[in-house]
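Asker: sequence-free structure coming up:
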């Protein structure tokens, strides 16, 4: 199989696992209920729904929610991202091609160019597009009417959104981490779609290592399925699951080698902290945004890191976990290579 075909199949598989209805979307109950009310009220008034903003960590279901909203109102959906809209002309081309009542979904909207963003304000507020033609004293402003549409924005960093843009969304919803039992329900559905059998507490082990995130859970399930196919009889068992996680250097709480590296550096190099973000990024050779968006939220959720005005501090729980995990990894390697 070629590299292109492999990634195409993985992409199709990811889309297959994505929920296609409210009933299959597990978790985020309050957000779902609020969205249903917003949609039903707009339908009764025969209006477009208000602009919506979804924010939260990667893999929590922001894009899926946007597609479910679009499916519910049965309107055309156009999808793009903040970095893809490089200049005002790109935005104008998208907006002028929208149909009445359609949805424009902009992922990572916080990365939208600031100049381009200003053209979005009148489009969201009064459904008009003001284009500047020419330069200098001869420049003219051309106002174009746009069809009524709904903008759905998604971001992993809501703090980076400007106040004027944030204020133009009619409703904002923050997606939180999932509960373990919710992740198990998601995995149960995924195993049926993947047509793979499981035994015992295999799914619970994967759920605990999922970082409370559906996307991570499904990715782990696919990797464990590979191990079950190659090293087992195709059935995911607790032993196969544990072996797969150890081989992937993921512990029972879902910490990766990079998570542990961050904790180890705080503990060993900075005596447990506090350590500033720049110093931590330099010591770990990791991007500051990656630490803020990927690693830190989960480590704080586990209670392994605390933050104060001086920086990050490793907690007693982090010390205990690293010690226990190191012994488990040593036992595994000793068992494998003795």
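Answerer: Thanks, I have it. Since the structure is predicted, the reported quantities are computational estimates derived from the model, not experimental observations.
Asker: Quick check, residue 176 in contact with residue 55.
Answerer: No: contact criterion CB atoms under 8 Å: residue 176 and residue 55 do not qualify, at 10.6 Å. All C-beta atoms are positioned from the backbone trio N, CA, C, and that covers glycine.
Asker: Can you report how many residues neighbour residue 50?
Answerer: Using other CB atoms under 10 Å, residue 50 is surrounded by 15 other residues.
Asker: where does it fall, phi/psi-wise?
Answerer: Main-chain dihedrals, residue 50, degrees, to the nearest 10: phi -70, psi 160.
Asker: burial of residue 181, as a residue count?
Answerer: Residue 181, neighbours per other CB under 10 Å, totals 11.
Asker: Going by neighbour count, list what's buried in stretch 311-318.
Answerer: 311, 312, 313, 314, 315, 318 (16 or more other CB atoms under 10 Å).
Asker: Likewise for stretch 253-261?
Answerer: Here stretch 253-261 shows 254, 255, 256, 258, 259, 260, 261 as buried, counting by 16+ other CB under 10 Å.
Asker: cool, stretch 187-207 as well?
Answerer: Residues 187, 190, 191, 194, 196, 198, 202, 203, 204, 205, 206, 207 are the ones in stretch 187-207 that count as buried (16+ other CB under 10 Å).
Asker: hang on, the earlier thing: in helices, which of the buried residues of stretch 253-261 fall?
Answerer: 258, 259, 260, 261 (DSSP state H).
Asker: what's the helix or strand for the nearest residue to the third one once chain neighbours are set aside?
Answerer: For residue 260, the nearest residue in space outside its immediate sequence neighbours is residue 322; the separation is 6.5 Å by CB to CB, 6 or more residues apart in numbering. Counting by DSSP states H and E, the element that carries residue 322 is helix 316-337.
Asker: cool, and residue 54?
Answerer: strand 52-55.
Asker: Would you mind pulling up the elements that that strand packs against?
Answerer: Judged by 3 or more CB pairs under 8 Å, 6 or more residues apart in numbering; DSSP states H and E, strand 52-55 is in contact with helix 62-73, strand 150-155, strand 171-174.
Asker: Tell me which of these sits nearest to residue 87.
Answerer: Closest approach to residue 87 among the helices and strands packed on strand 52-55 (CB to CB): strand 150-155, 18.3 Å.
Asker: Parallel or antiparallel, list what pairs with that closest one.
Answerer: Using DSSP bridges, strand 150-155 pairs in its sheet with strand 52-55 (parallel), strand 103-107 (parallel).
Asker: Compare these and give me the one nearest residue 169.
Answerer: strand 52-55 (4.1 Å).
Asker: Mind listing residues that contact that closest one?
Answerer: When contacts are defined by CB atoms under 8 Å, 6 or more residues apart in numbering, strand 52-55 is touched by residues 35, 38, 62, 65-66, 69, 109, 150-158, 161, 166, 169-175.
Asker: Write a PyMOL command that selects only the buried members of those residues.
Answerer: What follows is the PyMOL syntax for the buried subset of the contacts of strand 52-55, where burial is set by 16+ other CB under 10 Å:
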select buried, resi 35+38+62+65+66+69+109+150+151+152+153+154+155+156+158+161+166+169+172+173+175
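Asker: Please report the distance of residue 197 from residue 217.
Answerer: 18 Å (CB to CB, to the nearest Å).
Asker: tell me which element the spatially most central residue of the chain falls in.
Answerer: Centroid check for the chain by CA atoms, centre = their mean gives residue 58 as the closest residue, at 1.6 Å. Per DSSP H and E, residue 58 falls between elements, in no helix or strand.
Asker: Distance of the nearest residue to residue 172 once chain neighbours are set aside relative to residue 91?
Answerer: When the adjacent residues along the chain are set aside, residue 172 lies closest to residue 53, with 4.2 Å between them (CB to CB, 6+ apart). When CB to CB is the yardstick, residue 53 and residue 91 sit 17 Å from each other.
Asker: one step back: now the strands paired with strand 150-155 as a markdown table including mean neighbour count, mean pLDDT and distance to residue 274?
Answerer: As requested, those are arranged in a markdown table below (neighbours: other CB atoms under 10 Å; pLDDT from 0 to 100; distance: least, CB to CB, whole Å):
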| stretch | mean neighbour count | mean pLDDT | distance to residue 274 |
| --- | --- | --- | --- |
| strand 52-55 | 24 | 94 | 27 |
| strand 103-107 | 23 | 92 | 34 |
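Asker: okay if I get those as a markdown table plus distance to residue 230?
Answerer: Shown next, in a markdown table, are the strands paired with strand 150-155 (distance: least, CB to CB, whole Å):
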| stretch | distance to residue 230 |
| --- | --- |
| strand 52-55 | 38 |
| strand 103-107 | 35 |
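Asker: Which of those strands sits closest to residue 292?
Answerer: For residue 292, the closest of these is strand 52-55, at 13.9 Å, according to CB to CB.
Asker: Return the distance of that closest one from the chain's centre.
Answerer: Its chain's C-alpha centre and that of strand 52-55 lie 12 Å apart, by CA atoms, centre = their mean, to the nearest Å.
Asker: Would you agree residue 251 falls within a helix?
Answerer: No: under DSSP: H, G, I helix; E, B strand; the rest coil, residue 251 sits outside any helix and is assigned coil.
Asker: roughly how far out does stretch 110-124 sit from the chain middle?
Answerer: Using CA atoms, centre = their mean, the distance from the centre of stretch 110-124 to the centre of the chain it belongs to is 22 Å.
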